[in-house]
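# requesting a structural model of the entry that follows:
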Amino acid sequence: MKALIFAAGMGNRLKPLTDTTPKALVPVDGKPMLEHVILKLKAAGFDRIAINIHHLGQQIIDFLRANDNFGVEIYLSDEREYLLDTGGGIKHAEPFLNGDEPFLVHNVDIFSNVDLQRLYQHHIENKALATLLVSQRKTSRYLLFNNDNRLCGWRNRETGEVKSYYPYFDPEQYKAYAFSGIHVISPEIFRWMEEWTGKFSIIQFYLSICARTHIQACEYPGLKLLDVGKPETLAQADQWVKENLIHHS
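Numbers count the residues shown, from 1 in each chain. Coordinates of the predicted model:
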């Protein structure tokens, strides 16, 4: 099973830590974030993993080499010349990700208690183009879904900005969920992406095609999620890992 870990971010919110260390290698409970995510994926059966790199990418290459790739096949999707954002990052890894099975995408700075194998199976059973793990947590930006849990729009509650390709779109008529940074995607996505080039956001891409295909929400019961991209959550993360027992052998 294949997965992609987004590890190319600049980590600006974690400065000055990330001036000398890529965000993916910032430690949580004594281990780099990247190691936690690789081991979670490996435990769920994902044995072929693409990792995109940009900021201080050589450190990530050296770290993986020093740990024998943690016993899985690793493909480096090199974005050191130009950072491609989430949509461009997925497209750039197409040579590895394309094939006859869905792949899972996971942000390096997201810790959760989700059963990744179950999420993957849910995606296969629902025959969606993409299945987005979502929750009802408080945030400023929400994805908007209809009663069939299909993506229809996006809303920023702080600015009031709304995005949708549907005419006469009323955000109040839709369910608002926060996106987790974890999704499962079918390889047909690359056919939809053919005309998209360079740097682009996967959420913007999903919004542009959701009226014509099946982009689905999956709400995981009892989901616990921590975004470790900010200093205040980094301070909580060590404790979070201990409490949620995500240590791996």
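# for L83, what are its contacts?
A8, M10, H54, H55, K199 (Cβ atoms under 8 Å, 6 or more residues apart in numbering). (Each C-beta comes from the backbone N, C-alpha and C, glycine too.)
# may I ask which of the residues you listed has the most neighbours?
When neighbours are counted by other Cβ atoms under 10 Å, A8 leads the contacts of L83 with 27 neighbours.
# for L84, see how far away that one is.
As defined by Cβ to Cβ, to the nearest Å, A8 lies at a distance of 8 Å from L84.
# got any residues that touch both of the two?
When contacts are counted by Cβ under 8 Å, 6+ apart, the set common to A8 and L84 consists of N52.
# circling back: which pair in the contacts of L83 spans the largest distance?
H55 and K199 (14.9 Å; Cβ to Cβ).
# could you pull out the strands for the protein?
Using DSSP state E, the strands of the chain run over residues 2-6, 27-28, 31-32, 48-53, 73-78, 103-107, 110-112, 130-135, 141-145, 151-156, 162-163, 175-185, 215-219, 225-227.
# which among those strands is found nearest to Q121?
From the strands of the chain, taking Cβ to Cβ, the stretch that ends up closest is strand 175-185, at 9.3 Å.
# that closest one - contacts with which helices or strands?
strand 103-107, strand 110-112, helix 116-126, strand 130-135, strand 141-145, strand 215-219 (3 or more Cβ pairs under 8 Å, 6 or more residues apart in numbering; DSSP states H and E).
# mind checking those for the one nearest to L64?
Of these, nearest to L64 by Cβ to Cβ is strand 103-107, at 15.9 Å.
# for that closest one, what does the pLDDT average out to?
When pLDDT is averaged along strand 103-107, the result is 98.
# and stretch 75-91, by the same measure?
Stretch 75-91 comes out at a mean pLDDT of 97.
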